[in-house]
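Peer 1: below are the sequence and a predicted model; questions follow.
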Amino acid sequence: MQAYLARQFHAALAALDAPDDFDASAVAIEFETPGNPEHGDLATNVALQLARPLRRAPRQIAEALVEHLALDPKRVAGVEIAGPGFINIRFAPTYLADGIAEILSTGEAYGRTEAGAGKTALVEYVSANPTGPLTVGHGRNAVLGDTIANLLDWTGYAVTREYYFNDAGRQMRILGESVRARVEALAQPDAPTKTLDDGTVVPESFPDDGYRGDYIVEIAQAILDEHGPGILAVEGAEPFKEAAEKAIFADIERTLERLGIRMDAFFNEHSLYASNAVWDVVEHLREKNLAYDKDGAVWFATGQLGKTRTDSEGERAVDTVLVKSSGEPTYRLPDIAYHLDKLGRGFDKVVDVFGADHIATYPDVVLGVEALGGDASKIDVLIYQFVTLVRGGQPVKMSTRKATYVTLDELMDEVTEDVTRFFFLMRSPNTHLEFDLDLAKEASDKNPVFYLQYAHARICSIIRKAEDVGLTLGNEADLSLLTNESELGLMKELLRLPSEIALAAETMGPHKLATYLREVATAFNQFYRDSPIIGADHEALGRARLHLAKAAQLVLRNGLTVLGISAPEQM
RNA sequence: GCGCCUGUAGCUCAGCUGGAUAGAGCAGCGGUCUUCUAAACCGCAGGUCGCAGGUUCGAGUCCUGCCGGGCGCGCCA
């Protein structure tokens, strides 16, 4: 509809008297659904926008435009000029009826659009190193990333979901040492112990900054059960690290599976070393005189590329270390190599999902990618703010080091998978998320996810009951019988799904879809109140309403599917 | 100190990239079940959009400066 209107408006625009330097085809004509229904179904402010370039009064422009418009009466029932120069469009009832028929025939594909058709996208998310179970913090990342991937899929992209990890760093070494220490203790219960700063009693060989969670002990026990104490004859912690990594990854995948998340690829940072990609980055930067040696380290001349820092000494250019004097790369280097790798695989769009604490790393990566000829404009970064769990009105304190975090599994055990996903999605990514456990647990009207699911279940129930009295779905419904306010309101709402999904995808704002679905559910509940199906005045009307209910069911189900939330048939 | 995010109803948050009278849920008050799921619907009440300037036909939205909250600012990731 909007595309159609834009075409017609462009045609009308071309017919206007205008100065020579005015390019009518370059004008972006946008339509929005006004908040006030008296202002029609769609409105555009082109006339106001054009007042300046055309040097004419907005209302005058609007009148001239409307005069030149040739709109199909089957789609548009009326056009009026209002306020300072808005042009309001009113849908024709036949347009609405045709739209509902289209929803019914499109079925579970309704809501899909083509903006990304023929294009590929890579969404990288979760990307937690295998040092422990996923926590609530990872949950927001996982659910946001997965839903962005769904949204891109629904706008036509061929999407790859990738998990990036590093199993070689310091953290992983400590993990191995932690596990080894626990195995030793289990094998020799009388071995000496020590007490850490937080009061935890651990084996003497346990690293001070080791992983204290109970899962370490479980992994240790499993290793001992499988290999016996003989495994301790091995030098170092490598086999313990490997066993732990395997167990933890299996656990992470189980957790993701519960959330309905299945990755297409796991990308090990190690492969960037194996392929020499990491060192190629350094070499190529050197060739371009953007990398140099100083103080035993290798530096990236980000200062030349515009990176600055401002402190008490004023603003100055700063360079960035790529390889430490120890010979170990900093995290930036593999990150640059990884992004070049992603772009090199030919994706048209590359999405990163980062927590707010990583925001500072992103500009260095972009500089590196651009310096080496990569097209950084293909990279989109979704930054999300942190999650606060609230219980009994009080924030729940969490610390990874001391293992006092709440795991994603525990959260799902407490409030269910659907609620977990919805709560992570219902707010804009760039606001702090307050996850109220008491509210989330309540299976009542206080919990917004149930509102959507309830509306869907209600429709399923109606369809079942209608079948019992011989009222069934088919192609013979006369949708033009749907004329009351609630029916028209619901129809208009249902027609918005494709553009709402497209908008949520474009702006990487899944919460917009959640907000829209609530409006759909509200519109349905109003329809339910006003328009009985089984008790309709006559059968044809009941049949038409039944079809509208079916269309609402599809919209809710498809929308929930994009969000990764179940659409129950009964509650 | 500097950078990014943020400040909208008692609480949690939307606000479609600058539009018309700023919205929703919860909490509060009051109504609606002999009829398709009351996990619902309807109504009332609730606001200096942090503060002060600016930009323009028009600002919650853009700019500047303050104030408050969060996250960063390493040869950690």
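Peer 2: Perfect, I can see it now.
Peer 1: could you count how many residues lie near the residue in the stretch 201-350 of chain A that RNA strand B sits nearest to?
Peer 2: Relative to RNA strand B, the nearest point of the stretch 201-350 of chain A is A:Asp295 (2.9 Å; CB to the nearest atom of the strand). The C-beta positions use only the backbone N, C-alpha and C, and glycine is treated the same way. When counting by other CB atoms under 10 Å, one arrives at 7 neighbours for A:Asp295.
Peer 1: if I read this right, it contacts A:Ser326, doesn't it?
Peer 2: No. Using CB atoms under 8 Å, A:Asp295 makes no contact with A:Ser326, being 11.9 Å away.
Peer 1: contacts only, for A:Glu177.
Peer 2: Listed by CB atoms under 8 Å, 6 or more residues apart in numbering, the contact partners of A:Glu177 are A:Ser205, A:Phe206, A:Pro207, A:Gly210, A:Ala237, A:Phe240.
Peer 1: among the residues you listed, which one sits closest to A:Tyr338?
Peer 2: Using CB to CB, A:Ala237 is the member of those that lies nearest A:Tyr338, at 26.4 Å.
Peer 1: which of the three states applies to the nearest residue to that closest one once chain neighbours are set aside?
Peer 2: Of all residues not flanking A:Ala237 in the chain, A:Gly176 sits nearest, at 3.3 Å (CB to CB, 6 or more residues apart in numbering). Under DSSP: H, G, I helix; E, B strand; the rest coil, A:Gly176 falls in the helix class.
Peer 1: next up, the contacts around A:Gly176.
Peer 2: By CB under 8 Å, 6+ apart, the contact list for A:Gly176 reads A:Gly236, A:Ala237, A:Glu238, A:Phe240, A:Lys241, A:Glu242, A:Ala244.
Peer 1: now do the same contact list for the third one.
Peer 2: When the contact criterion is CB under 8 Å, 6+ apart, the partners of A:Glu238 are A:Gly176.
Peer 1: mind checking pLDDT for it?
Peer 2: You'll see A:Glu238 listed with a pLDDT of 93.
Peer 1: ok, back up a step: show me the contacts for the residue of the stretch 201-350 of chain A closest to RNA strand B.
Peer 2: For A:Asp295, the contact set (CB under 8 Å, 6+ apart) comprises A:Ser325.
Peer 1: got it, and the one 10 residues further on?
Peer 2: A:Leu305 makes contact with A:Leu290, A:Leu367, A:Glu370, A:Ala371, according to CB under 8 Å, 6+ apart.
Peer 1: roughly how far apart are the third one and RNA strand B?
Peer 2: Put plainly, it is A:Glu370. From A:Glu370 across to RNA strand B, the span is 18 Å (CB to the nearest atom of the strand, to the nearest Å).
Peer 1: pull out the buried positions in stretch A:424-433.
Peer 2: A:Phe424, A:Leu425, A:Met426, A:Arg427, A:Pro429, A:Leu433 (16 or more other CB atoms under 10 Å).
Peer 1: the fifth one reaches A:Phe386, doesn't it?
Peer 2: It stands for A:Pro429. No. A:Pro429 is beyond contact range of A:Phe386, at 11.0 Å (criterion: CB under 8 Å).
Peer 1: for A:Phe450, helix, strand, or coil?
Peer 2: helix.
Peer 1: what residues are up against A:Pro532?
Peer 2: Contacts of A:Pro532 (CB under 8 Å, 6+ apart): A:Gly542, A:Arg545.
Peer 1: against A:Glu253, how distant is it?
Peer 2: 48 Å (CB to CB, to the nearest Å).
Peer 1: near RNA strand B, which residues of the stretch 51-200 of chain A? Just list them.
Peer 2: A:51-52, A:58, A:82-84, A:86, A:88, A:129, A:166, A:169-171 (CB under 7 Å from any atom of the strand).
Peer 1: let me know how buried the nearest residue to A:Ala70 once chain neighbours are set aside is, in neighbour terms.
Peer 2: Take A:Ala70 and drop its neighbours on the chain: the residue closest to it by CB to CB, 6+ apart is A:Gln8, 6.8 Å away. The number of residues packed near A:Gln8 is 19, by other CB under 10 Å.
Peer 1: and A:Gln8, how far from RNA strand B?
Peer 2: From A:Gln8 across to RNA strand B, the span is 17 Å (CB to the nearest atom of the strand).
Peer 1: check which residues of the helix ranked longest in chain A are buried.
Peer 2: Counting residues, the longest helix found in chain A (DSSP state H) is helix A:539-563. By neighbour count on 16+ other CB under 10 Å, the buried set for helix A:539-563 is A:541-563.
Peer 1: check stretch A:519-530 too.
Peer 2: Neighbour-count burial for stretch A:519-530, counted by 16+ other CB under 10 Å, picks out A:Val520, A:Ala521, A:Ala523, A:Phe524, A:Asn525, A:Gln526, A:Phe527, A:Tyr528.
Peer 1: before we move on, the earlier item: which of the contacts of A:Glu177 tops the neighbour count?
Peer 2: Ranking those using other CB under 10 Å puts A:Phe240 first, with 26 neighbours.
Peer 1: keeping just the C-alphas, turn whatever helix or strand that one lives in into CSV.
Peer 2: Using DSSP states H and E, A:Phe240 sits in helix A:238-258. Extracted in CSV, the C-alpha atoms of helix A:238-258 (Å, rounded to 0.1, in the frame of the first residue of the first chain):
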residue,chain,number,x,y,z
GLU,A,238,45.6,-29.6,29.1
PRO,A,239,43.5,-32.7,29.3
PHE,A,240,41.5,-31.2,32.1
LYS,A,241,40.9,-28.1,30.1
GLU,A,242,39.8,-30.1,27.1
ALA,A,243,37.4,-32.2,29.1
ALA,A,244,36.0,-29.1,30.8
GLU,A,245,35.5,-27.3,27.4
LYS,A,246,33.7,-30.3,26.0
ALA,A,247,31.4,-30.6,29.0
ILE,A,248,30.7,-26.9,29.2
PHE,A,249,30.0,-26.5,25.5
ALA,A,250,27.6,-29.4,25.7
ASP,A,251,25.9,-27.6,28.6
ILE,A,252,25.8,-24.3,26.7
GLU,A,253,24.2,-26.0,23.7
ARG,A,254,21.6,-27.6,25.9
THR,A,255,20.8,-24.2,27.4
LEU,A,256,20.5,-22.6,23.9
GLU,A,257,18.4,-25.5,22.7
ARG,A,258,15.9,-24.8,25.5
